[in-house]
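[1] what's the 3D shape of this:
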Amino acid sequence: MMPSKRRHQRLANTPPLIAAIAALLLAPSIVAANDGGRPRQRCERLATSLTYSQDSAPADVSAILRVVVEKINRDVTGVVDVEVGWSGAELHRRVGERIVRCTVTRLAGSAGGRPRDDDDHAAPAVVIDERGREVVTQCFEVPFSILDVDECSVPPTNPMAHRCPPPAVCVNTLGSYECACPSSALDSAFFYNEPGSDGVLPEKFWEDLDADARGDPWDSSLGSSGSSTCPGLPSTRGCCDDDGHSGEGSACRSSFHCPIDPCAADRRREDVVVETGDDDGTTITITRRGSRASDGTATSASACDPNALCERTTSPLSRPNFACICPPGLMGNGRPCGDGRRGREPKVKYDGRTPTEETARALESGAICGCREPTMDACDGFPKCPGKHEMCAVDTKTSAPHCTCRDGYVRDPDYGCVDENPPLLRLRPDPVHGTDPDTGVTHLSQGDRYEEHGIDVIDDNAEEYLRSLKIAYSRPLPQGCLLEMGEFTVEYTVATPWTTPNFVKATRTVVIDNVDECRIGEGTGVVGANCPELVAMCDYDAGASCRDEIGTYSCVCPNGTEGDGFRAIPRLRPDGKGGYAGAMVPRGYGGGTGCRDTSEPVIEILGPNPKRFRVARTSGIRGIIRVDGEYEEESNARVEALIAEQRSAYASDIRAIIKATFGAELCATRSNRNVRPVDCVRAEDHTYKGIVDLTSRVSVGDPVGVDARPHQWKVPYNVVDDAGNKAKTVWRDIIVEEVDIEDFEKMAMHDELESHVGEENSSMDVTSTKEGTRNEPSPQQVCPSCNPCNCNNDQPKQHRANGGGDGMLSPSECMVMCNDKLAAAEMARTSDKTCSPTFREGGSGHSDHRVIQKFLVFLEGLMGPSAMMLLFLGCFVATVLYVVQRAFTALFISSGPHTRTYYHTLEDDERERAMMRNVSYYRSPTPSSNGNHQSPGSASTASGPRPPPTGSMSLQRNGIFSMRNNRTDGTPLHPQQQQERANSSPFHSSDGTGNIYQSASPITPLRNVNPSPGSQGKGRSPYA
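    Alright, predicted model coming up:
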């Protein structure tokens, strides 16, 4: 029967799980007590049911149990306890009617009368509970109903609203919903509604939906899992979870995407709900989102012209997936022109149907927009005009086609349609260097290549007629690089026989600018690789510098060299006039002589010059007693022969020393023994590169004897630099000093001592310079230094100091004399009144410092630096510990009970007096008793012996060593007793004095005695 009212049919199919849940709920629950073999008690169903809509139903089992217990308490009286049993199936939010069975314990008085005779169930047994009450246990069934919510019709804000994305269609099912792609099966869904089906679509509907989707890909979801869930299926049925409100079911349905029909209505759409129903009230609801235009009328896609028809492609995956087709009689691409533009008009031939060639090409390229009615072209099909620059035109009067010249052309009887204006010549610019469009000047540089770029002939007749182009150069162009500065012109002439004059000209001016040849590298860059003539050929290795000139370059040699500064240029040849011919001759080129170094090296002698070698003179055996006669002559002859033999080996020994040490021995000194050959000489060559050290190249020659001096040689030093310049030879003098053998050791020890003292003085000077002297004397306080005493054999004859006779001093006598002079000068310095006491104290301290320094140097050499440091550190620590111990003892231990402190008492005085009575005193003998002995250098005794001290050192202390007559105890000795004691002393002096310190010192150094004016200058040794 046809429904009276079209309603949207509910496309639902009861899930198989619901039937299973219902069967489980309808099964009887397990009771708490078992009556054994008694008949089972009948369950009583409550009269009213618990009814909820799907969106307001309890959300979990706990909520269901609460409302069931509340229902029992409300409908059943005398309830003591309630036991609810359920099968474990999901009860909440499932559409349908369910029965919840409960076991209720109630008071026996509230249970009612006995059961009927026809009731096969036994009456409830009355029992006594733990509280002494009579109770019975009964079974009750609580009806529980959940009504379906139409997810397809509720507002989108409702939590139960469907999640089907457009253009998918929502199909309501029992307790849920499905999403399906639009198709013809959906449009006829109401025909599947059958009476008594409770709105559940039959299986045939879903089969027809699948069959319809297999024939058209537009009726299925997108065919990839990344684009849609359930790819290639027409709906979510059987693909997504049955419960559309679960997390998985909702996410699956919200990602179900169907192809969007490009030819559907406008994108601004409203949902359309169509309901179909029968007389029994069963309804099925289908909701389309976006299936109606905003104005309520069906329209084509807005991408097509209003006069065009929209047709979608076979596959929705095509891009574009639709086409705009103009109906018959209209031409165009079917798309709107936009912005109010009308676009190009289509044209057809005389037949009114065939498009012209121009229109056909425009239609093929889509250049004609919209769908328009074409116009007719009168010249289309007319024979082509034979002349050039002619076209077909329609006579406005007769509408007949004919040939005429195009606009801007005039007919010439000889050349036909020609341009009425002469052609225009435009210089093509240089793409690299550019060309001034106003002046036609192109700037190039030396080393560039001129490339012909030609001109542009701006004329519609440029290729129509035979004509000539002439290019003329003001000077011949080189095949390679432009080497010379200057400029040249290029003239372009084009013939135009139909104009007056019959030619057109254009001129290009090329200016060649200077290039800096000094910056062009050989073989590098474009110019360096292609134009070797412009590469500066200066002799850079020899120090030459390049100087840029106008149009060329020159090379300049540095100071200390000579030459033209160029390397040889093979391409240049002499011209026979003193110059050179060829391309690009640099200024000042003289054949490429380069720069030759002319500076001579300089050699400087380092170390001692002259170098002295001291040897012992051979003297033979000589005794103390003078021997004259034949033996003396024979001995002298042997000595002379030995001396001659010894002297003959000096030169070879010096040569061997030079060869063995490479000349290093010539600059060795006692203070600097570890020298190298390069420490003896310094050789430098002042070149353009700076100072070049040639020390390692210096050669040491063989010694050359000096004729005027038999024991002197000269050793040459020479060196040659890289340019072959030889340095001026410098010489080191070598002197061999012959010393008597008895003086050789003394002089060697003297030299060693002087060397050691010199090293110490140098070290002290350095230390003094770093630390500074706080008590530095002024120039007025400094005593004059002594004159040096030289005892060389080469000095003139000296007079003997002791005898005053003439004759040469021997080295030993000279050494003694020097020592005497030094001692006298030292005494004069210490007694000089011009030196202030402060400075003398400073000098004494300086001398003490030298003694301490010598002692420390000796210890360092004996023990080593590490042991010295440990020794000083140990002494310092011991001293500190000792001071701390003494301080600790004085502060804490001296007042203790075990400390012995001596106090002078009266008993001590008495004991001292007893000791004094038994003490004998002795005196030192006087100088007169010893023969008036006076040590050398002591002061004169004309003033008599020194008086005894006025008092004993024990006088003030009144101690046990005080004289009896000087005691203060009031018991002086008798004078006769004093005389007897004095005479009995072995040290009693004859002058009557009792001073035991009367004796003078047995040794008195000479330096402590002020010499008399008459003794100065005799040079007496302080140890004589």
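
[2] Any stretches of the stretch 1-150 of the chain with poor pLDDT?
    Low-confidence segments of the stretch 1-150 of the chain, defined by pLDDT under 70: 1-41, 86-93, 112-122.

[3] Same question for the stretch 651-800 of the chain.
    758-759, 762, 765-800.

[4] The residue nearest to residue 526 when sequence neighbours are not counted: neighbouring residues, count only.
    Spatial nearest neighbour of residue 526, excluding adjacent residues (C-beta to C-beta, 6 or more residues apart in numbering): residue 447 at 7.7 Å. Yep, even glycine has a C-beta here, placed from its N, CA and C like the rest. Applying other C-beta atoms under 10 Å, we find 22 other residues in the vicinity of residue 447.

[5] list the contacts for residue 447?
    Shown in contact with residue 447 (C-beta atoms under 8 Å, 6 or more residues apart in numbering): 481-483, 515, 520, 526-527, 530-531, 534.

[6] And those residues, which two are furthest apart?
    Comparing every pair within the contacts of residue 447 by C-beta to C-beta identifies 483 and 526 as the most remote, at 14.7 Å.

[7] Between the two, which is the more surrounded one?
    Shown here are residue 483 and residue 526; by other C-beta under 10 Å, residue 483 has more neighbours (17 against 12).

[8] Let me see the backbone angles for the more buried one.
    Main-chain dihedrals, residue 483, degrees, to the nearest 10: phi -100, psi -30.

[9] and what of the one 3 residues further on?
    With angles defined as degrees, to the nearest 10, residue 486 shows backbone torsions of phi 140, psi -150.

[10] Skipping its backbone neighbours, what lies nearest it in space?
    Per C-beta to C-beta, 6+ apart, closest to residue 486 is residue 512, 5.6 Å.

[11] if I look at the residue nearest to residue 526, how far off is residue 475?
    18 Å (C-beta to C-beta, to the nearest Å).

[12] before we move on, what about residue 528?
    26 Å.

[13] and the residue nearest to residue 526, how far is that from residue 529?
    In terms of C-beta to C-beta, residue 447 sits 10 Å off from residue 529.

[14] Next one, pLDDT for residue 554 please.
    Per-residue pLDDT puts residue 554 at 94.

[15] check which helix or strand covers residue 136.
    Residue 136 is part of strand 134-147, with elements assigned from DSSP states H and E.

[16] Pull up the pairing partners for that strand, direction included.
    strand 43-45 (parallel), strand 50-53 (parallel), strand 96-107 (antiparallel), strand 127-128 (antiparallel) (DSSP bridges).

[17] And the third one, what's buried?
    By that I understand strand 96-107. By neighbour count with 16 or more other C-beta atoms under 10 Å, strand 96-107 contains the buried residues 96, 98-107.

[18] List the residue ranges of the stretch 451-600 of the chain that fall below the pLDDT cut-off.
    Across the stretch 451-600 of the chain (using pLDDT under 70), the flagged ranges come out as 460-467.

[19] All the helices of it, residue numbers only.
    525-530 (DSSP state H, counting those that start in this stretch).

[20] Walking through it, point out its strands one by one.
    455-458, 469-473, 486-495, 503-513, 545-548, 553-556, 561-562, 573-574, 580-581, 596-597 (DSSP state E, counting those that start in this stretch).

[21] just the stretch 301-450 of the chain next, same as before
    Counting by DSSP E, counting those that start in this stretch, the strands of the stretch 301-450 of the chain are 309-312, 322-325, 347-348, 375-376, 390-394, 401-405, 409-412, 416-419, 424-427, 441-445.

[22] what's the most buried one of those strands?
    Most buried of the strands of the stretch 301-450 of the chain by mean neighbour count (mean count of other C-beta atoms under 10 Å) is strand 416-419; its value is a mean of 21.

[23] Name the SS class of the closest residue to residue 868 other than its chain neighbours, please.
    Spatially, and ignoring its direct neighbours in sequence, residue 868 is nearest to residue 860 (5.3 Å; C-beta to C-beta, 6+ apart). Three-state call for residue 860 (DSSP: H, G, I helix; E, B strand; the rest coil): helix.

[24] Offset the numbering so it begins at 52, please.
    That works, and once the first residue is 52, the last one we named lands at residue 911.

[25] Any idea how many residues pack against residue 911?
    Residue 911 has 14 nearby residues by other C-beta under 10 Å.

[26] is it true that it touches residue 917?
    No: with contact defined as C-beta atoms under 8 Å, residue 911 does not reach residue 917; the gap is 10.0 Å.

[27] which intervals of the stretch 902-1051 of the chain have sub-threshold pLDDT?
    Using pLDDT under 70, the stretch 902-1051 of the chain drops low at 945-956, 969-1051.

[28] Any idea what residue 103 is bridged to?
    Bridge pairing for residue 103 - DSSP bridges - gives residue 197.

[29] count of residues packed around it?
    16.

[30] now swap in residue 551 and tell me
    7.

[31] And for residue 768?
    So residue 768, with other C-beta under 10 Å, has 22 neighbours.

[32] On the three-state scheme, it is what?
    Going by three-state DSSP: residue 768 is strand.
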